[in-house]
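A.B. asks: Next comes the sequence, and after it the predicted model I'd like to discuss.
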Amino acid sequence: MFRLEIITKTGLLVFSHDFVKDRDSEDEDHDLQAGLTSAAISALRETQGETITEIKHFDYTLFLYEGILAYGILTVRETGLKFKDFLRKLVLKFEIQFSTELHSETLVKRMDFEIYRENVLSLYNEYSVIDVEALNRVLEVISQSNATNFIIYNVANLQPIFTSILDHSIRGQLNKITRIFERIEDLCLAQENITEESMTIELNLPNVVVNAIRTNIHWIVSLTDPTQINKNMLTFETNLIKNILSNLSLYDEVSESIPIQ
C-alpha cells in the first residue's frame, strides 16, 4: 500500500489517492478511519503536548503531518524522512490551493478537491522519474575513469537506477550499502542547509570500502574490495571522485563540495 489521505481538522476526508493499491484496503471505511485518526491526533496532542508524526501499524508505517488547516496521512511499507518531506509538501500545496474551501463553514464536497490529483502526480513524478539526461552525463564521466564497481541512486527516493558490480565479493554487500545510504540521506533531509549541496563520503566497512558523492540529483557510489586495495587503488578512487565532481560542476549539477569526515 502507498496511499495519501488529506483530512480537515474536523475529521472530514476531503482527498485521497492510491499510488499503489492494496487489495486488503478496498473494503475499509476510509471516511470512518479519517474521523478516528483526526480524533486520535487531537487527543494525543492534548495529552502529550505535541503532534505525533509516525505510527507503525503491522507491516505499514503511517506518516502524519499537521498543517494549519488539514492533516496529511501517508501510508507506506517503508520508512524514511523522504516520505515525511513528500507528505509535508503535499499538504502545504493543498492548503495553499484550497485555502478558501478549507476556511469555509459550509459543508465541502470531495469532488471540489479532485483537481488536486494532477498536482499530486506531478510531485510524485519528481520523486520517482529518472532524469535520463543527467544519468547519461554521470555514466559518461564514470566510463572515462574505468570504474568497475559502482551504484547510482536517485537522491529523491534512494532507488538504485544504475548498478555495475563486476567483483563477486561485493555483490553480497549491496543491500547493506543501500540501507546505509538511506540513513545518510535521512540525515541530509534533517539538515535542510545541506540538502542542496554536494558532499563526498568515504566509509571503511569490514568487507567493502565506499567512496561516494552526493549531487543535487544523484548519489554516485564507488565500491572496492578492501583486500584488493593498495596505494594505487586509493589514488584511483580519489581521482575518480575528483573527476566526477569537476565534470558534473560544468553542468551545474553540483555546487561547492562539502567533505564529511
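C.D. replies: Done, it's in.

A.B. asks: From here on, just use CA atoms for contacts and neighbour counts.
C.D. replies: Will do.

A.B. asks: which ones are touching residue 151?
C.D. replies: When contacts are counted by C-alpha atoms under 8 Å, 6 or more residues apart in numbering, residue 151 is found next to 160-165, 220-222.

A.B. asks: and if you look at residue 178?
C.D. replies: Taking C-alpha under 8 Å, 6+ apart, one finds residue 158 in contact with residue 178.

A.B. asks: So it, which state does it fall into?
C.D. replies: The local conformation at residue 178, judged by DSSP: H, G, I helix; E, B strand; the rest coil, is helix.

A.B. asks: Now do the strands in the stretch 1-150 of the chain.
C.D. replies: All strands of the stretch 1-150 of the chain, identified by DSSP state E, counting those that start in this stretch, fall at 2-8, 13-20, 54-57, 60-66, 70-76, 149-154.

A.B. asks: what's the farthest-apart pair in the contacts of residue 151?
C.D. replies: By the measure C-alpha to C-alpha, 161 and 222 form the most distant pair in these, at 14.2 Å.

A.B. asks: Between the two, tell me which one has more neighbours.
C.D. replies: It is residue 222, of residue 161 and residue 222, that has more neighbours when counted by other C-alpha atoms under 10 Å, with 24 against 14.

A.B. asks: Quickly list the domain ranges of this protein.
C.D. replies: The record assigns the chain these domain ranges, following automatic domain parsing: 2-128, 132-259.

A.B. asks: Same list, the contacts of residue 151, but as a markdown table with distance to residue 60, secondary structure and pLDDT please.
C.D. replies: Supplementary listing: the contacts of residue 151 in a markdown table, determined by distance: C-alpha to C-alpha, whole Å; DSSP: H, G, I helix; E, B strand; the rest coil; pLDDT from 0 to 100:
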| residue | distance to residue 60 | secondary structure | pLDDT |
| --- | --- | --- | --- |
| 160 | 22 | strand | 85 |
| 161 | 25 | strand | 87 |
| 162 | 28 | strand | 89 |
| 163 | 28 | strand | 90 |
| 164 | 32 | strand | 90 |
| 165 | 32 | strand | 89 |
| 220 | 30 | strand | 89 |
| 221 | 29 | strand | 90 |
| 222 | 32 | strand | 87 |
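
A.B. asks: Just the buried ones from these, in ChimeraX syntax?
C.D. replies: In ChimeraX, a selection of the buried entries from the contacts of residue 151 looks like this (16 or more other C-alpha atoms under 10 Å):
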select :165,220,221,222
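
A.B. asks: Quick check: of the contacts of residue 151, which lies closest to residue 204?
C.D. replies: Within the contacts of residue 151, the smallest distance to residue 204 is 12.1 Å, found for residue 222 (C-alpha to C-alpha).
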